[in-house]
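J.: Structure of the sequence below:
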Amino acid sequence: MASSKIFIIALVAFFAVPSSLATEFAVGDEKGWSLDFDYQGWATGKEFRVGDKLVFKYTPGVHDVLKVNGTEFQQCQGGNDNTLALTTGNDVITLATPGKKWYICSVPGHCEARNMKLSITVLDQVGSPTTAPASQSAAIPNAAFSFYGWIAVIVSFIGLVFV
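T.: Here you go, the predicted model:
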């Protein structure tokens, strides 16, 4: 009986952690997605990872969000690959893959003249095999491993107390 409760607790903790490690970034913080804001400055120092979300908040009909490639970003021109602009005013983009990502407002004049563009680098998820350091001497525990380690300790302790 006690072991089945422990198993259920461990199972719930195991599946709940990855989603709880994701971060939701309100692009531009309280300023939102608007004219004349330094989005590159806003992104500086932030660590974007696979699974995180970008939330673009703006007045619908006034701005939009368009995912572009690096060349289109530099030229402030919308995609030629039939990518549709997001227009809800509360657009949520889940960062699904690592690498460079570029976003602009495609309303004429907003990107090139008014700085409505964002470029970020997305890193792998915390604890994914591709983020492991090359040598063991460089290994530093991350949040996921620490959390799972504590869960294992707690589950073991509960097992000892209730068995």
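
J.: can you give me the strands for this protein?
T.: Along the chain, the segments classed as strands by DSSP state E run 24-26, 48-49, 53-57, 66-68, 90-94, 99-104, 117-123.

J.: just so I know, which of those lies nearest residue 33?
T.: Comparison of the strands of the chain against residue 33 by CB to CB identifies strand 53-57 as nearest, at 4.4 Å. Any C-beta I mention is one placed from the backbone N, CA and C, and that applies to glycine too.

J.: could you check the angle strand 90-94 makes with the closest one?
T.: Counting by axes from the mean of the first three to the mean of the last three CA atoms, to 10 degrees, strand 53-57 lies at 160 degrees to strand 90-94.

J.: Most tightly packed of the strands of the chain?
T.: Neighbour counts (mean count of other CB atoms under 10 Å) averaged over each of the strands of the chain peak at strand 66-68, with a mean of 21.

J.: Name the strands paired with it and say parallel or antiparallel.
T.: Strand 66-68 pairs in its sheet with strand 99-104 (antiparallel), by DSSP bridges.

J.: Return the strand it pairs with as CSV; C-alpha atoms alone will do.
T.: Output in CSV follows, covering the C-alpha atoms of strand 99-104 (Å, rounded to 0.1, in the frame of the first residue of the first chain):
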residue,chain,number,x,y,z
GLY,A,99,19.5,27.8,-32.4
LYS,A,100,19.1,31.4,-33.6
LYS,A,101,15.5,32.8,-33.8
TRP,A,102,14.4,36.1,-35.3
TYR,A,103,11.1,37.9,-34.9
ILE,A,104,10.0,41.2,-36.4
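
J.: Report the mean per-residue pLDDT for it.
T.: For strand 99-104, the mean pLDDT works out to 97.
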